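Chemist: My questions concern the predicted model and sequence given below.
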Amino acid sequence: MKRHGGALLSSLRIDKASDRRMSVQLYMGLRDLLLSGGLTPGERLPATRTLALELGISRTTVIDAIDRLVSEGLLEARVGAGTYVSEALQAQCMLTAAPSGSGGMIAAPRLSHAASDADAGFALRRRLPHESAAFVTALPALDAFPMAQWARLSARHWRQNRDHVTGYGEPFGYPRLRAAIARQLNASRGIKCDPEQIFVMNGAQHAFSLISAMLVDPGEAVWFENPGAIGARNAFVATGATLIPVAVDEKGIRVSDGLDKAARFRLAFVTPSHQQPLGHVMSLSRRLALLQAAKDADAMIVEDDYDGEFYYGDQPPPTLKSIDTQERVIYVGTFSKSLFPSLRLGFILSPLGLVDSFRRVCNAWQSGVPTAIQAIVADFMDEGLFATHVRTMRQIYRERHDTLMHAARALTESIEVHPTSSGFHAVGFLNAGICEADFIARTRERGIVTAGLGRYALTPLGYQGIVLGFGSTPPDDIRAGIDVMRQILCADELV
């Protein structure tokens, strides 16, 4: 029987109050019907006037949506006959039909052995924070960022030649930014290097993944601080490395523990300037021992200096790279803490012996970070704005650190919060009898964000604690957050 009106499409809904255009809503609704099998191949659609009347929208809106689906091949327009569901969707319907007895479940595709093994070893991590709250970690004081100055520099570069703004970035990094980073490292971190050794990355995580892929074969041993940085840990797990949990104390990574567990290792990952998460500064004797162990094993060391710009004493914590005479340290830095996370901008300082290898790999694998972003950061550094911003942040973080330490005195019977000499997080160690997981769950119920030390650990630590970020939290919110924690600790269930 010929159906002059075409298929009934009563399930389609148009929200006229939505910010999304009605033609887009109609297009997406029809597309879902077509791909899910709600309309069968060869079936005729209502005339555009009919559909417009039924949906209460203009015929032009309907024609826009129909024309888009015709251009994608999902519908066929037949002159003088109307619009029909494409016969090509017959194959799509067969693919989406659930197998008999499957209960509608679609089997997950098979993963490679490397991906399956990595998935089992990944440390769980929530989405990185993007809004300040007590006591969010890894988030700088975004409220103090000089946005007006940044906007001025941004406007300058976005008005430049379109090839500069919209083209592919240079695989090694924008030359002026590489030079600015090299000068900054020399002036503030005591590292003498050439701009040719700097390779700009899409954040530190990208750097860790690239280093691991370049240097570590599946199954090779990588010394990793226990507890240690979660993002870097997952990067090495993803490439099939065997992570060796090496204990950490107040002097930093215990090299003797690493030698006992795996004297022949390929790589060591460390955070010597501000151990993540415990906050210790690695002693000189441990640094020298680590460099010697790497030499004996013909291994390399990855130094993650994630927040080394922010220190509270007269002198910044020393970098491992600054005393590396054997060219075994690969130094990784990031602008996520010193500027803001959404830049997704970091860098690798390569040892001289690996520069050519990094050049080859970067040339082959990556198209580079957007040039305009790099140029803005280069100007920010060259005009002295970066140095001014870092000095301002040091003062802000010192104030917030001191506020935290003063307020935390109210918790001393249950939590011992240790001061830190740099960065913008501190660690509170829980007294015996307080369950880390329970306490964290209780704080989250009250809007307080804390991270347990257990989530940073490869193997059990023998102690419990929480990481308290204070960088993005104003002093009043710090005091209020500590007061909430005090109230939680007073509850009978936790004492």
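Modeler: Sure, I can see it.
Chemist: Quick one: residues in contact with the helix or strand where residue 405 lies.
Modeler: In this structure, residue 405 sits in helix 385-407 according to DSSP states H and E. With C-beta atoms under 8 Å, 6 or more residues apart in numbering as the contact definition, helix 385-407 has outside contacts at 140-141, 144-146, 149, 184, 188, 309-312, 338-339, 377, 380-381, 417, 419-420, 423-424, 426, 468, 470-471, 473-475, 478-479, 482-483. Any C-beta I mention is one placed from the backbone N, CA and C, and that applies to glycine too.
Chemist: Quick check: what element follows that helix along the chain?
Modeler: Toward the C-terminal end, the helix or strand that comes next after helix 385-407 (DSSP H and E) is strand 415-418.
Chemist: so what secondary structure elements neighbour that next one?
Modeler: strand 425-430 (3 or more C-beta pairs under 8 Å, 6 or more residues apart in numbering; DSSP states H and E).
Chemist: In the strand it packs on, which residues are buried?
Modeler: Buried residues in strand 425-430, counted by 16 or more other C-beta atoms under 10 Å: 425, 426, 427, 428, 430.
Chemist: packing partners for the helix or strand that it is followed by?
Modeler: Heading C-terminal from strand 425-430, the first helix or strand you meet, by DSSP H and E, is helix 436-445. Based on contacts counted as 3+ C-beta pairs under 8 Å, 6+ apart, the elements that helix 436-445 packs against are strand 451-452, strand 465-469, helix 475-489.
Chemist: re earlier: could you pull out the buried residues of the helix holding residue 405?
Modeler: 385-386, 389, 393-394, 396-397, 400-401, 403-405, 407.
Chemist: burial of residue 315, as a residue count?
Modeler: Here the count is done by other C-beta atoms under 10 Å, and residue 315 has 8 residues near it.
Chemist: Let me know the distance separating it from residue 432.
Modeler: Here residue 315 is placed at a distance of 37 Å from residue 432 (C-beta to C-beta, to the nearest Å).
Chemist: Tell me where the stretch 151-300 of the chain has strands.
Modeler: 198-201, 221-226, 242-249, 252-253, 267-270, 300-304 (DSSP state E, counting those that start in this stretch).
Chemist: could you dump those to CSV with distance to residue 178?
Modeler: As requested, those are exported to CSV (distance: least, C-beta to C-beta, whole Å):
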stretch, distance to residue 178
strand 198-201, 4
strand 221-226, 28
strand 242-249, 31
strand 252-253, 30
strand 267-270, 24
strand 300-304, 19
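Chemist: how does the protein divide into domains?
Modeler: 22-96, 117-128+145-387, 390-494 (automatic domain parsing).
Chemist: Could you tell me the least trusted of those domains?
Modeler: Summarising mean pLDDT across the domains of the chain, the least confident stretch is domain 22-96, with a mean of 85.
Chemist: Between the buried residues of strand 425-430, which sits nearest residue 160?
Modeler: Top of the list for closeness to residue 160, among these and by C-beta to C-beta, is residue 425 at 38.2 Å.
Chemist: I'd like to know which of the contacts of helix 385-407 are buried.
Modeler: Applying 16+ other C-beta under 10 Å to the contacts of helix 385-407, the neighbour count classes 140-141, 144, 184, 309-312, 338-339, 377, 380-381, 417, 420, 423-424, 426, 468, 470-471, 473-475, 478-479, 482 as buried.
Chemist: Which one of the helices and strands packed on helix 436-445 lies nearest to residue 18?
Modeler: Of all the helices and strands packed on helix 436-445, it is helix 475-489 that lies closest to residue 18, at 35.3 Å by C-beta to C-beta.
Chemist: Show me what the closest one is packed against.
Modeler: Looks like helix 475-489 contacts helix 385-407, helix 436-445 (3+ C-beta pairs under 8 Å, 6+ apart).
Chemist: Ok, which of those helices comes nearest residue 47?
Modeler: Among the helices and strands packed on helix 475-489, the nearest to residue 47 by C-beta to C-beta is helix 436-445 (55.0 Å).
Chemist: Export only the CA atoms of the closest one, formatted as PDB.
Modeler: Included here for helix 436-445 are C-alpha records, laid out as PDB according to Å, rounded to 0.1, in the frame of the first residue of the first chain:
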ATOM      1  CA  GLU A 436      42.400   6.600  55.200                       C
ATOM      2  CA  ALA A 437      39.600   5.500  52.800                       C
ATOM      3  CA  ASP A 438      36.800   6.200  55.300                       C
ATOM      4  CA  PHE A 439      38.200   9.600  56.200                       C
ATOM      5  CA  ILE A 440      38.500  10.600  52.500                       C
ATOM      6  CA  ALA A 441      34.900   9.500  51.800                       C
ATOM      7  CA  ARG A 442      33.700  11.500  54.700                       C
ATOM      8  CA  THR A 443      35.500  14.700  53.600                       C
ATOM      9  CA  ARG A 444      34.100  14.300  50.100                       C
ATOM     10  CA  GLU A 445      30.600  14.100  51.500                       C
END
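Chemist: Quick one: work out the angle between it and helix 475-489.
Modeler: Inter-element angle recorded for helix 436-445 and helix 475-489: 130 degrees (by axes from the mean of the first three to the mean of the last three C-alpha atoms, to 10 degrees).
Chemist: quick check, distance from helix 436-445 to the centre of its chain.
Modeler: The chain centroid and the centroid of helix 436-445 are separated by 24 Å under C-alpha atoms, centre = their mean, to the nearest Å.
Chemist: Sounds good, over and out.
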